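>>> Sequence first, then the predicted structure:
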Amino acid sequence: MSTYEKPDFWAIKAKKEGYPARSVYKLQEIDEKFHLIRKDLRVLDIGAAPGSWSLWILKRLGGTGFLSAVDLSPLGMSAPTENFFFIQGDLYNPAVRQALLDHGPYGLVVSDAAPSTTGNRIVDQGASEAIVEAIIGYSFATLKAGGAMVAKIFQGGAERELLDHMKEHFTQARAFKPKACRAESFETYLVATGFKGT
Ligand SMILES: C[S@@+](CC[C@H](N)C(=O)[O-])C[C@H]1O[C@@H](n2cnc3c(N)ncnc32)[C@H](O)[C@@H]1O
């Protein structure tokens, strides 16, 4: 069994606590550090399947606010019918983008979206950077002033340039790697707060 296949502490904990994926603990840590999710917030979750982040956000919203989510794959959780909108599709598809923007504006945009990896680090990194650029585009188009964004990126490429770009539009932007990321993984999260508005 490879390290990736072996259920680790976080995977076992997620299963016990009813989350479809261990990634929930990454968002939890990011939120503890940056205080992003609060009642009444409208949140957009991009690359949401199987749905751990969405499930956790919905719990934190406690029936208030609103959550929109998108993924190429269906969600692997039973989603509520109220205060929630899910669209199965490609984040780059203009009709999908419009449907998500129609449910905004949002106070928070989060993305755990990751490209399918090819094994070629440069290709994979480029695809991950393209996703982050798209998430920045969504954020600029839909965030309310004071809003925040979180986007996963594969490390080792253009994260410095992307952070510099984010810093022009947010009061703060930095990379943060939660402890729940696998030790061997080269992912990190770009977190920006205090959107200055368009
Ligand atoms: C690591 S998973 C997200 C896990 C999720 N945060 C959770 O907690 O359950 C990454 C997701 O990004 C999605 N994804 C990748 N490229 C996408 C795209 N172009 N449009 C929509 N979703 C995409 C994948 O389908 C995959 O489900």
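Sure, I can see it.

>>> helices and strands around the lowest-mean-pLDDT helix or strand in the chain, which ones?
The helix or strand with the lowest mean pLDDT-type score in the chain, counting by mean pLDDT, DSSP states H and E, is helix 9-16 (a mean of 85). Counting by 3 or more CB pairs under 8 Å, 6 or more residues apart in numbering; DSSP states H and E, the packing neighbours recorded for helix 9-16 are helix 24-34. Bear in mind the C-beta positions are built from the backbone N, C-alpha and C, glycine included.

>>> can you rerun that using 7 Å?
Applying 3 or more CB pairs under 7 Å, 6 or more residues apart in numbering; DSSP states H and E, one finds that helix 9-16 contacts no other helix or strand.

>>> what comes into contact with that helix?
Residues outside helix 9-16 that contact it (CB atoms under 7 Å, 6 or more residues apart in numbering) are 21, 22, 24, 25, 52, 180.

>>> Show me which of those is closest to the ligand.
Comparing the contacts of helix 9-16 against the ligand with CB to the nearest ligand atom places residue 52 closest, at 3.1 Å.

>>> Sheet-wise, list the partners of the longest strand anywhere in the chain with their directions.
Taking DSSP state E as the criterion, the chain has its longest strand at strand 143-154. Strand 143-154 has its sheet partners listed here by DSSP bridges as strand 106-111 (parallel), strand 187-195 (antiparallel).

>>> List the contacts of it.
Residues contacting strand 143-154 (CB under 7 Å, 6+ apart): 30, 36, 105-114, 124-125, 128-129, 132, 135, 139, 159, 186-197.
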